[in-house]
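Participant: prediction below, plus the sequence it came from.
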Amino acid sequence: MTKKESNLNQLINDPFKGKSGFMPAKIKDKIKVRIGLNENLAFPEELIKKLIKDVAKKIDPRIYPEDYCDSLCGIITSDYGLQSNQVVVGNGGDKIIDLMVRLTIKSGFSAVIIAPTYPMYEHAIKVQGGDVTELYLTDSPVYDLDPDYILANITPKKDRLLFLCSPNNPTGNQFDEDKLRKIIAEFPGIVALDETYTDFGGYSLVNALKDYPNLIIMKSMSKFHGMAGMRLGFALADEFLISRLKELLPAFNVNIASLELAKLVLQEKEALSKIVSNIVSEREIVFKRLEAIDGITPYKSYTNFIMFHLEGIDAAVLQQKLLKEKGVLVRNMSAMPNCENNLRMSITTKENNLAFLNALDEIVSNY
Ligand SMILES: Cc1ncc(COP(=O)(O)O)c(C=O)c1O
């Protein structure tokens, strides 16, 4: 580090000590089969491109979008049977997570995560200068929630926020409704329940919003709605919490194209339900094929991805071989608590699923 950099470094909040970045550029060039980020490539390309052409005809990028996306909020809340003041829309599910943390956490306070889970909760807490209270799901292969253990290990007043992800990323399972309700009812702070994956065969707790004023349900439009590149997410809650979240948002936080595209995508109910049934039936096919491979144990999933455990095969080696020899990008989850030697693949198109399974068969049989 030069002297100039070192001087600058002293001015910078540095929760990650310079470790950043998501996917190195040199990896991007090698990918032929994108099944590492749970994108919804089952959403028909012709349909999304047609919708975006319709958006292009409608919008004028020279003018600002609606400040709080009121027209989109109306559509979302009527879909969920809520009041129009019960939603806030943001620039991706990750922005909503960030907003939740900024609403509740500052230095000296903490938020609870139940690991293994989606890493952006921890990221957002650290960026905000808060402490992370890391609790755990029960051991593999069950990965269940234990409400008594969780409630016994929180610190009231310090732990102001608790993240729950159901169905959970990366384990893929959805937790029992009574267990979720017990935690929401007894946690003394705010509970942010991430339902990004409920549309792939799970159930939603949106109906429970009326029972718990401390509950916020977070959704992303990146997965089920096939809009990962457009960056849209939203939170559903009681009017009070929504109005406080809105205060934190900069005006015009969602761009005009994403806003208009989301409105069109939400109208495509028939296409969306077809996409889900395709993904669910493909997920079962891939699950059975994985189960049949010696040394591989898949975990039952209610999402558009499957995590699987490897016995006698090194996850990091397999991941690299899949990428370098076959151009197949899967995620290595081994660094997460209780996920040692686990990989995660996304269910996308039949072609991608087959390309992955064939590549896997070939590499594993020559291992
Ligand atoms: C559980 C979970 N929540 C939120 C997100 C964030 O989604 P977005 O792409 O809308 O930021 C993801 C993305 O992978 C996720 O897996």
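Facilitator: Nice, I can see it.

Participant: would you double-check that A111 falls in a strand?
Facilitator: Yes. Looking at A111 with DSSP: H, G, I helix; E, B strand; the rest coil, it is inside a strand.

Participant: what sits against it?
Facilitator: 101, 104-105, 121, 125, 130-133, 159-163 (C-beta atoms under 8 Å, 6 or more residues apart in numbering). Every C-beta, even on glycine, is put in place using the N, C-alpha and C of the backbone.

Participant: quick one: V330 and I35 touch, right?
Facilitator: Yes. With contact defined as C-beta atoms under 8 Å, V330 counts as touching I35 (5.9 Å).

Participant: which neighbours do those two have in common?
Facilitator: If you check V330 and I35 against C-beta under 8 Å, 6+ apart, the residues they both contact are M345, F356.

Participant: excluding chain neighbours, what is closest to F224?
Facilitator: With sequence-adjacent residues excluded and distances taken as C-beta to C-beta, 6 or more residues apart in numbering, F224 is closest to D199, at 3.8 Å.

Participant: quick one: low-confidence parts of the chain?
Facilitator: 18-26 (pLDDT under 70).

Participant: give me the domain ranges for it.
Facilitator: Split into domains by automatic domain parsing, the chain comes to 22-38+270-365, 46-267.

Participant: put together a markdown table for the ones you listed, with distance to the ligand on each row.
Facilitator: Formatted as a markdown table, those follow (distance: least, C-beta to the nearest ligand atom, whole Å):
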| stretch | distance to the ligand |
| --- | --- |
| domain 22-38+270-365 | 5 |
| domain 46-267 | 3 |
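
Participant: strands of the stretch 1-150 of the chain, residue ranges please.
Facilitator: In the stretch 1-150 of the chain, the segments counted as strands under DSSP state E, counting those that start in this stretch are 33-34, 87-90, 110-115, 131-136.

Participant: gap between the second one and the chain center?
Facilitator: Here the centre of mass of C-alpha atoms in strand 87-90, compared against the chain's by C-alpha atoms, centre = their mean, to the nearest Å, lies 16 Å away.

Participant: who does that strand touch, helix- and strand-wise?
Facilitator: helix 70-80, helix 93-104, strand 233-237, helix 239-248 (3 or more C-beta pairs under 8 Å, 6 or more residues apart in numbering; DSSP states H and E).
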